[in-house]
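*Asks:* What follows is a predicted protein model with its sequence.
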Amino acid sequence: MTSVVRLGAASLPVAAHRPLWFATRASGSITLLLLTAAVALGVLVSGRYAPKRFTRFEISALHRNVSVLSLAFLAVHIVTTVVDPLVPVGWVPALVPFISAYRAPWLGLATLASDLMLAVAITSAVRLRMGRRPWKAVHWLAYAAWPVALFHAAAGTDTHLDLQRGLYAACVAAVLAAVWWRLYRAGPGMLAGRLSAGVVAALVPAALGAFLASGPQGVFL
Amino acid sequence: MSDAQTASGVHTLLIDRIACDGHGACAELLPELIGLDEWGYPIVRSTDVPGELLDHARRAVAECPVLALRVEQKHR
Amino acid sequence: MTETQSSSPPSAACVLDGPTGPYGSRLLYGWLRTGSPADLDEHLDRYGPPPLPRTARRPTAGPLVRAVEEAGLTGRGGAAFPTGRKLRTVAETPGPAVVIANGMESEPVSRKDKILLSLAPHLVLDGASLAAAAVGAEAVHLCLPRTRAGLVRHLAGAVDERRLRGIDRVPIHVHGLPHRYVSSEATSLVRWVNGGDARPASTPPRPFEQGVGGLPTLVDNVETLAHLALIARYGADWFRTAGRPGAPGTTLVTLAGAVRAPGVYETPMGTPIGELVDRAEGPSEEIGALLLGGFFGSWVPAETAMGLSFAKNDLAAVGAGPGAGVIAALPRRACGLAETARVLAYLAAHSARQCGPCTMGLPTVAEDFAAVARGDADTRLLDRLAGRIGLLSGRGACRHPDGASRLAATALRVFADDLRQHIRRGPCAAASRKPVLSVPDPAAADAQGWR
């Protein structure tokens, strides 16, 4: 593992001057930020968040627009990755998880997260025709996509930067706060279920902390 | 869209009362037809959607977070 | 075609003489004659086997559907919907169907379904079997309350006996369901038989469109099916010899409260309520008001109610209905507000808590009403209560909030004098007396679960 890190650090000055590689990293970070906002806003909508200064449909419209925007940046992230000649990732491994030889399993995580996001987006686009239950079932995948995307990012090039770590911390804090607020609002009743969901949510920052302390960050050069 | 607004049919608002969680987006987007009770659950003033409100009604349908609102066309 | 024509039941033209007992009784004829429940032998001696058609149904309405339409039979479960129309809708839908016989009787004052199922089970089962043949059903589900375990065993035994004799052409399944107020809703039964909770479902699709296993499903009250079994045998004209042109046949009525002989009576439709009270040996004390229909029914002042005919149209004129055939007499000395408050607390506890009006509205209406009964209400609370009562109607997936709304609204109107008294001088002495209506403990509802 240490050799990988050294390799990454060594190639950094060269990589930083390549525009495509820069675009990949920037769009990845922005996608994570927007995905986090989309998840947090979605949690607020499902908890019937009703601040005085906004109407509820504005919050749900924001949720949808931010989600669409995150997909746009995801597209940029994928395209720049694939067309970058120095990154040996083709179109198929970019869409089918865990078949790429390059930087597995971290790229597999990325593909998995983007496929989940895509499933959520497509079903949402046709949700009026799908019916509530199937749509909702797929929509729950967003809760899976977000931590997967987070760990993919944490394995990324820029994780050693304080600013980047600050971004991850802010993302985790936002989603965790939203989820805990939602679980609190769902009460009273189902206390055991709500408490265990709250604990599971808290496992994400715990696992991320452990990952950053010991894990193989910087595997993407 | 425009052909649906002709006089060929009446548009009716339908609410799935079990699915409805009282999010209230429908009342914000279609206050002409939908109000809210003190707990935020919809009060439908009229289930008939006049042509000039049809686009607003469709918007409200699309905006319902739990898909509890529908507009159906009843042919005469 | 000739095969279909040769199948019974008789057309309206050939009227057989159906058995009629004292007071024009039909369903309770056997009981009134012998004083004991009819077993299968006695039932077959009296009526013969059910006149099932000899051929399989085609997707058209057969002779029984037409006979029921001509008879003008209406549902005896509470909604009083024309049974023939329901039969025809399911019969004309191509493909197999399902029949649910509703013996849930969730209305706490009513005893009629329990009495009928105990005394004449085979009349109900005949009706279910005949209805199944008429609509092309592959199975019958008889839904009974789990709390009446003896009744469930009794009916399961009766079904077994019929199977041994080869009477029914489709299997009849006897089920015990959670006995909660809303679990007798048609959609609740469908949901339960499909493996879910006995809680109402959103419509559309209605059970007759998409019910058990996605098949069109006919849901009929057990008393309705027993009448259908007699119409199949004796024809529409015979059925119409009882009752009135607009309200034909007989009906089972549960008389409760301040009458000398409370119980279940069979009476021609449209009998004046005063006469029915006399059948129950008259009032046990002076009556102030009557609760008509059941807990989801209406309060009517005694002066008005006694002269009314017990039929849908007559009762509709005073904002009431026959409902589940319940007539409960409230003594003048009793406090109608306190009685209503207890019933509303029961209805609130028995809601499925699925829709806004039942989750939020109904409990607050019950609380407000309890404050009125205690004498803790002022005019501001009354205004709020009136608004909340009005907002219960028509805003649930089922009619549960509508029924509670009707009960509360008629109570405020009929007991208006008491209301003024309660607001000005606190609760009346009667409010603390022993209640008249027997309301089951609301807390017992949740113990049963929904499955």
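*Replies:* Arrived safely.
*Asks:* Just give me the neighbour total for C:Leu130.
*Replies:* If you count neighbours by other Cβ atoms under 10 Å in any protein chain shown, C:Leu130 ends up with 27. Backbone N, C-alpha and C define where each C-beta goes, glycine included.
*Asks:* quick one: the helices in chain A?
*Replies:* A:2-15, A:19-46, A:56-83, A:91-95, A:106-125, A:127-130, A:132-139, A:142-154, A:162-185, A:191-214 (DSSP state H).
*Asks:* which stretch among the ones you listed comes nearest chain C?
*Replies:* Smallest distance to chain C across the helices of chain A (Cβ to the nearest Cβ): 10.3 Å, for helix A:132-139.
*Asks:* is any part of the closest one close to chain C?
*Replies:* No - figure legend: helix A:132-139 not in contact with chain C (Cβ under 8 Å from any Cβ of the partner chain); closest approach 10.3 Å.
*Asks:* Check which helices and strands that helix sits against.
*Replies:* On a contact count with 3 or more Cβ pairs under 8 Å, 6 or more residues apart in numbering or on different chains; DSSP states H and E, helix A:132-139 meets helix A:106-125.
*Asks:* thinking again about what came up before, okay if I get the helices of chain A as a markdown table plus mean neighbour count and mean pLDDT?
*Replies:* What follows is the helices of chain A, written out as a markdown table (neighbours: other Cβ atoms under 10 Å in any protein chain shown; pLDDT from 0 to 100):
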| stretch | mean neighbour count | mean pLDDT |
| --- | --- | --- |
| helix A:2-15 | 12 | 42 |
| helix A:19-46 | 21 | 93 |
| helix A:56-83 | 18 | 93 |
| helix A:91-95 | 15 | 82 |
| helix A:106-125 | 20 | 89 |
| helix A:127-130 | 14 | 88 |
| helix A:132-139 | 15 | 91 |
| helix A:142-154 | 21 | 89 |
| helix A:162-185 | 16 | 93 |
| helix A:191-214 | 13 | 89 |
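*Asks:* can you redo these as TSV with distance to C:Thr55?
*Replies:* Listed next are the helices of chain A as TSV, based on distance: least, Cβ to Cβ, whole Å:
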stretch	distance to C:Thr55
helix A:2-15	80
helix A:19-46	55
helix A:56-83	58
helix A:91-95	59
helix A:106-125	48
helix A:127-130	42
helix A:132-139	41
helix A:142-154	57
helix A:162-185	60
helix A:191-214	55
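*Asks:* mind checking pLDDT for A:Gly218?
*Replies:* Looking at A:Gly218, its pLDDT is 53.
*Asks:* coming back round to it: out of the helices of chain A, nearest to C:Thr241?
*Replies:* helix A:132-139 (51.6 Å; Cβ to Cβ).
*Asks:* Could you give the number of residues near the closest residue to A:Pro88 other than its chain neighbours?
*Replies:* Leaving aside its sequence neighbours, A:Pro88 sits nearest to A:Tyr102 (Cβ to Cβ, 6 or more residues apart in numbering or on different chains; 5.2 Å). A:Tyr102 has 15 neighbouring residues, counting by other Cβ under 10 Å.
*Asks:* In contact with A:Tyr102, which residues?
*Replies:* A:87-89, A:93 (Cβ atoms under 8 Å, 6 or more residues apart in numbering or on different chains).
*Asks:* A:Ala121 now?
*Replies:* A:Ala121 neighbours (Cβ under 8 Å, 6+ apart): A:67-68, A:71.
*Asks:* again, 6 Å this time
*Replies:* Residues in contact with A:Ala121 (Cβ atoms under 6 Å, 6 or more residues apart in numbering or on different chains) are A:Leu71.
*Asks:* Work out the gap between stretch A:127-139 and the centre of the chain.
*Replies:* 22 Å (Cα atoms, centre = their mean, to the nearest Å).
*Asks:* then it to PDB, C-alphas only?
*Replies:* Taking C-alpha atoms only, stretch A:127-139 is exported to PDB below (Å, rounded to 0.1, in the frame of the first residue of the first chain):
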ATOM      1  CA  ARG A 127     -42.100   8.200 -11.500                       C
ATOM      2  CA  LEU A 128     -45.600   9.400 -12.400                       C
ATOM      3  CA  ARG A 129     -45.900   6.400 -14.700                       C
ATOM      4  CA  MET A 130     -44.100   4.000 -12.300                       C
ATOM      5  CA  GLY A 131     -46.300   4.300  -9.300                       C
ATOM      6  CA  ARG A 132     -45.300   5.200  -5.800                       C
ATOM      7  CA  ARG A 133     -44.000   1.900  -4.400                       C
ATOM      8  CA  PRO A 134     -41.500   0.900  -7.200                       C
ATOM      9  CA  TRP A 135     -40.300   4.400  -7.500                       C
ATOM     10  CA  LYS A 136     -39.800   4.700  -3.700                       C
ATOM     11  CA  ALA A 137     -38.000   1.400  -3.600                       C
ATOM     12  CA  VAL A 138     -35.500   2.500  -6.200                       C
ATOM     13  CA  HIS A 139     -35.200   6.000  -4.600                       C
END
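*Asks:* Sweet, I'm off.
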